[in-house]
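Trainee: need a 3D model of the following:
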Amino acid sequence: MTAAGPPGVGNLQAVLFDLDGTLLDTVADISLALNRALAEHSLPSLPVQETRALIGRGAPTLIARALACLGAPAAQVEPAALLARFHVQYQAIHEHGEIQARLYPGASDALTELHALRLRLAVVTNKPTQPTLDLLARTGLAQWIDAVVSGDGPDLKPHPQPLWSACERLGVAPAQALMVGDSMNDVLAARAAGVRIVCVTYGYNEGADPRTLPCDWFVESLAELPQQAIARYQVDGQQLF
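Mentor: The predicted model follows:
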């Protein structure tokens with residue numbers, strides 16, 4: 001186990017972050033890769049805002065939802081073939097420097113503050129490893145992240161295993177960790193893993209309002225997270241958890 005944090009942090013020793021819709025707004029890149037893959041199959045494009053509502057539960061689900069949205073014109077397209085081309089196109093966007101992903105306001109400041117509090121930090125995402133590492137490096141977040149659990153394994157969120165794997169790599173118990181996400185996917189994974197969960201109000205959440213999520217509390221901006229986490233993990237000297 002890692003050493004306890006400084007006074008005020010209470011029992012909190014690690015924070016686990018979702019990536020898409022929580023730390024980074026990546027919808028423009030996902031939309032571009034999806035539409036290029038669709039065009040290769042002679043299918044029409046989907047607007048960015050429509051693609052935003054399809055994000056969640058990994059790329060295979062994105063592809064299935066996109067084909068369902070397109071209806072009859074997509075009936076003869078093999079989902080696995082479209083998925084493969086989506087991955088190729090997404091990788092090409094990274095390789096050719098076409099990345100449009102941006103940090104959400106407060107994300108960098110929050111990670112800087114949490115790191116200064118000696119909290120261990122991880123990213124837990126259903127995105128494959130290479131684009132995850134690339135995005136963290138490009139946006140400058142990699143310097144604060146102690147562990148990355150990506151979507152290359154058999155178990156994806158909402159399965160609890162990715163969160164357990166992150167806790168194991170960080171050397172903390174699930175009860176000592178806090179998950180930060182934007183979707184029901186994150187909430188279900190956290191509840192199953194025995195990890196507390198806070199949600200941002202601006203994320204994707206598969207097209208539903210994140211403010212309806214049954215999490216422990218919300219933050220309008222990640223800039224609020226460090227002080228709110230400290231306050232909620234310790235009140236009048238008593239640990240909440």
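
Trainee: please save the CA atoms from the helix or strand that residue 115 is a member of in PDB.
Mentor: Using DSSP states H and E, residue 115 sits in helix 107-116. Extracted in PDB, the C-alpha atoms of helix 107-116 (Å, rounded to 0.1, in the frame of the first residue of the first chain):
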ATOM      1  CA  ALA A 107      -8.400  19.200 -16.300                       C
ATOM      2  CA  SER A 108      -4.700  20.100 -16.200                       C
ATOM      3  CA  ASP A 109      -5.100  22.100 -13.100                       C
ATOM      4  CA  ALA A 110      -7.000  19.400 -11.300                       C
ATOM      5  CA  LEU A 111      -4.300  16.700 -12.100                       C
ATOM      6  CA  THR A 112      -1.600  19.100 -11.000                       C
ATOM      7  CA  GLU A 113      -3.300  19.800  -7.700                       C
ATOM      8  CA  LEU A 114      -4.100  16.100  -7.000                       C
ATOM      9  CA  HIS A 115      -0.500  15.100  -7.800                       C
ATOM     10  CA  ALA A 116       0.700  17.800  -5.400                       C
END
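
Trainee: how far does it sit from the chain's center?
Mentor: Relative to its chain's centre, helix 107-116 lies at 17 Å (C-alpha atoms, centre = their mean, to the nearest Å).

Trainee: tell me the SS of residue 15?
Mentor: What DSSP: H, G, I helix; E, B strand; the rest coil gives for residue 15 is strand.

Trainee: which residues touch it?
Mentor: Residue 15 is in contact with 114, 119-122, 177-180, 225, 229, counting by C-beta atoms under 8 Å, 6 or more residues apart in numbering. Bear in mind the C-beta positions are built from the backbone N, C-alpha and C, glycine included.

Trainee: need these in CSV (columns: distance to residue 152).
Mentor: Below are the contacts of residue 15 laid out as CSV (distance: C-beta to C-beta, whole Å):
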residue, distance to residue 152
114, 26
119, 26
120, 22
121, 20
122, 15
177, 21
178, 24
179, 20
180, 22
225, 27
229, 29
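
Trainee: so which of those are in strands?
Mentor: With DSSP state E as the criterion, strands contain 120-122, 177-180 from among the contacts of residue 15.

Trainee: one step back: tell me which of the contacts of residue 15 is nearest to residue 150?
Mentor: residue 122 (10.9 Å; C-beta to C-beta).

Trainee: that closest one contacts residue 19, correct?
Mentor: No. Assessed by C-beta atoms under 8 Å, residue 122 is found out of contact with residue 19, at 10.7 Å.
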